[in-house]
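Colleague: here's a sequence, model it:
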Amino acid sequence: MIVDIRERRRFRHYIFCLIGFLTLPPLLLAAFVVAVDPYYVFGSPSWHGFNAVRPYYEPHVLIAKPYQMLRIRPDAVSLGSSRVEVAIDPRHPGWTKGNVFNFAMPSSTSYETMLAFLHAQAVGNPLKQAVVGLDFFGFNIFFPRNHDQQEIRFAGDGVRSFADYLAAELKTRKAGAGRTPGSADESNGPAFDEALYLATNPDVNAAVVRKDFKSGREHYELAGRAERRLGASIPSDWDELGYLQVNPDVGYAVSQRSFLNGYHHYLAAGRVEGRLGGFKPAHWDEAGYLAANPSAPIRIALGDFHSGYVHYAAVGHKAGLPGGFQPSGLLDSISLKWPSVNTAMFRFAELDTMIFSMTAVSDSAATIFRQSEPPSFDDKGDRIWAGQDEVMLRSGGNGQLIRSLILGWRWYLWLMPPRFMYCFTNSETGMTMFDPYRFMLRRAYAEGTDLRLFVTPLHAATRELMDRLGLGERYDFWLRELVRINDEEGARAGKRPLPLWDFSNANTVTSERIPVKGDLTPMQWYWEYSHYRRAAGDLILDRIFDYHSASRVLPLDFGVLLTGKNLDAHLHDSRAGLADWARDNAELASQIMTAATAPKIENRQSEATCW
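Modeller: Model (predicted):
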């Protein structure tokens, strides 16, 4: 009996040791990751020589910043694209009292900016103040959105509320009479496709070259059909557009003529790789998926995807979004009935990846060994370009970089491939990029957030380039719509319009001289043609907050408060100022005109039928 007791004790001791052996290393690794905190998610203190510099935050910024917001719960935020990330200082003394965070994120359109604002409102409880930088490129319906910026990551009811608002709005608008979304192209039929068959079956192509067969069609009739060869035709249920929307890399490969079309890629590689989007599953519930996931109809209205299934294939499958299929178990049923459960599971999975994955461990270890590098971000969400002036000097100087970008291909910021045109509206659905802007203003009024808006201070050379690309009229229309919607939403709320400042006219800052080739003098206000410096950002905040600093002088012509009453005069003065700049910088203006109108330039703005 005593022996049995001892044996049981030894066995329990063995089990405890085994459990400790199995669990202790992962816990120690998790503690190490949290201590280093390579993505600023957990709020661990920064120690010089250990984790003060966090180089792996930048590649994870779209994921990390929303979780930072959940932890920090700031009183005020700055929002917009990377221009705001670089230039708008959350430590400026003009901000409201409390914690301020730079919640701007790279390449944010009006939609992503609205999402960030709604998230900030949800976690701020309440959000006292927000400053939003408005970028012209962010109102182009054709500007691509990053699939990593998933709506399920954002807190509150903002996405659902915007989806409801948008559905009501679109009912009152006439959508374009284009091809029915999801339908096959007219060329997609049972007819034999010679080119596809030969491309899919290179041995047949070789036989035709040897003249063993007259054509691929002859081979198919004599042997290929019996051999169950693929590629004879594109199936009627094949969704070419959906496949390309889910797999943008395939679209690029097709544009480079590596494949005839998406279906050719699917046969050659996509099937084996498990690519989704081409064929809709037999038991797919389109209505159920759209009802369960408000982000899906929004993205369809934007034109990112043309059906709920395509959204699922591109985004929802990875995120585990429910509603597309019948629940396969209790957990699926719970997620479908209570969406908050699915959101919590998604966030838990992402946080788990940020702690327990080998990527997180590797990034944490590498962070310690990269402390000698200059920082790229700080804990306030600021993008820091430490040492950027030295990089520019090695590249020929600040002015050389700006000139090369303006006269080169970088206007694709507005004329994005593959369409190479700028439109505010999706003519198929009726949605415009002003819808998120309007909804953001409406929520600001409803929640009592002190929202302040400003238009990016584009350099006059950049404005000249936009005019030469045929976008001048659309830029003026954009400003008019920003003001009109602001006035309308103010009247709807029974309040004064929110302050909307324009810094993009030709003024002391935006007309700064661009150094000529060989002149290595750094510019005072600009990094390059797109991003402005912190010095210019401080002036913007001085104007917005009516803050007076003894250390700098705010030019009188920098910043015009736009209203419905002064807009016409402002646009007239702005056009006159840009004409003066072009006259005073005739050589550069002539080079811009030549570059923008060169025969090789892919600019299809003149073909745009949407507005």
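Colleague: strands of this protein, residue ranges please.
Modeller: Using DSSP state E, the strands of the chain run over 76-79, 100-102, 129-134, 450-455, 500-502, 560-561.
Colleague: using CSV, please lay out those strands together with mean pLDDT.
Modeller: Formatted as CSV, the strands of the chain follow (pLDDT from 0 to 100):
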stretch, mean pLDDT
strand 76-79, 98
strand 100-102, 97
strand 129-134, 98
strand 450-455, 98
strand 500-502, 98
strand 560-561, 98
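Colleague: as CSV, the ones you listed with distance to Gly577 and mean neighbour count would be great.
Modeller: For the C-beta atoms, the positions are set from N, CA and C on the backbone; glycine is no exception. What follows is these, written out as CSV (distance: least, CB to CB, whole Å; neighbours: other CB atoms under 10 Å):
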stretch, distance to Gly577, mean neighbour count
strand 76-79, 27, 28
strand 100-102, 30, 24
strand 129-134, 20, 25
strand 450-455, 15, 21
strand 500-502, 12, 22
strand 560-561, 11, 18
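Colleague: out of these, flag the one nearest Gln591.
Modeller: Within the strands of the chain, the stretch nearest Gln591 is strand 450-455; the backing value is 25.8 Å (CB to CB).
Colleague: show me what the closest one is packed up against.
Modeller: strand 129-134, helix 434-447, helix 472-493, strand 500-502, helix 534-545 (3 or more CB pairs under 8 Å, 6 or more residues apart in numbering; DSSP states H and E).
Colleague: could you list the low-confidence segments of the protein?
Modeller: Applying pLDDT under 70 to the chain flags the ranges 1-24, 174-190, 409-411.
Colleague: how about a cut-off of 50?
Modeller: Regions of the chain meeting the criterion pLDDT under 50 cover residues 177-188.
Colleague: can you tell me the closest non-neighbouring residue to Ile72?
Modeller: Leaving aside its sequence neighbours, Ile72 sits nearest to Phe101 (CB to CB, 6 or more residues apart in numbering; 5.7 Å).
Colleague: tell me what the one you found is bridged to.
Modeller: Note on Phe101: beta-bridge partners Val77, judged by DSSP bridges.
Colleague: identify the residues contacting it.
Modeller: Contact analysis of Phe101 by CB atoms under 8 Å, 6 or more residues apart in numbering lists 68-69, 72, 74, 76-78, 90, 380-381.
Colleague: from the residues you listed, list just the buried residues.
Modeller: Among the contacts of Phe101, those classed as buried by 16 or more other CB atoms under 10 Å are 68-69, 72, 74, 76-78, 90, 380-381.
Colleague: in helices only, show me the residues you listed.
Modeller: Secondary structure defined by DSSP state H assigns 68-69, 72 of those to helices.
Colleague: okay if I get the contacts of Phe101 as TSV plus distance to Arg496?
Modeller: Shown next, in TSV, are the contacts of Phe101 (distance: CB to CB, whole Å):
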residue	distance to Arg496
Gln68	33
Met69	29
Ile72	30
Pro74	25
Ala76	20
Val77	22
Ser78	22
Pro90	26
Lys380	31
Gly381	30
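Colleague: most tightly packed of the helices and strands packed on strand 450-455?
Modeller: strand 129-134 (a mean of 25; mean count of other CB atoms under 10 Å).
Colleague: direction included, what does that one pair up with?
Modeller: Its sheet considered, strand 129-134 pairs with strand 76-79 (parallel), strand 450-455 (parallel) by DSSP bridges.
Colleague: Asp363: which of those strands is closest?
Modeller: Short answer: strand 76-79, nearest of those by CB to CB, at 25.8 Å.
Colleague: can you show me the CA trace of the closest one as PDB?
Modeller: What follows is strand 76-79 as a C-alpha-only set of coordinates in PDB (Å, rounded to 0.1, in the frame of the first residue of the first chain):
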ATOM      1  CA  ALA A  76      -7.100  63.300 -29.400                       C
ATOM      2  CA  VAL A  77      -5.700  61.900 -32.700                       C
ATOM      3  CA  SER A  78      -4.300  63.000 -36.100                       C
ATOM      4  CA  LEU A  79      -5.700  61.200 -39.100                       C
END
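Colleague: who's in contact with it?
Modeller: 69, 84, 88, 90, 95-96, 98-104, 108, 113, 116-117, 120, 124, 127-133.
Colleague: just the closest of the buried ones among the contacts of Phe101 to Pro457, please.
Modeller: Ser78 (14.8 Å).
Colleague: now do the phi/psi pair for the closest residue to that closest one other than its chain neighbours.
Modeller: Nearest residue to Ser78 in three dimensions, chain neighbours excluded: Ile88, at 4.3 Å (CB to CB, 6+ apart). With angles defined as degrees, to the nearest 10, Ile88 sits at phi -90, psi 110.
Colleague: quick one: residues contacting His60.
Modeller: Here His60 is in contact with Tyr39 (CB under 8 Å, 6+ apart).
Colleague: roughly how far does it sit from Pro144?
Modeller: His60 sits 20 Å away from Pro144, going by CB to CB, to the nearest Å.
Colleague: go on, Arg383?
Modeller: 21 Å.
Colleague: make TSV from the strands of the chain and add distance to Trp581 to it.
Modeller: TSV is the format used below for the strands of the chain (distance: least, CB to CB, whole Å):
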stretch	distance to Trp581
strand 76-79	28
strand 100-102	31
strand 129-134	22
strand 450-455	17
strand 500-502	16
strand 560-561	16
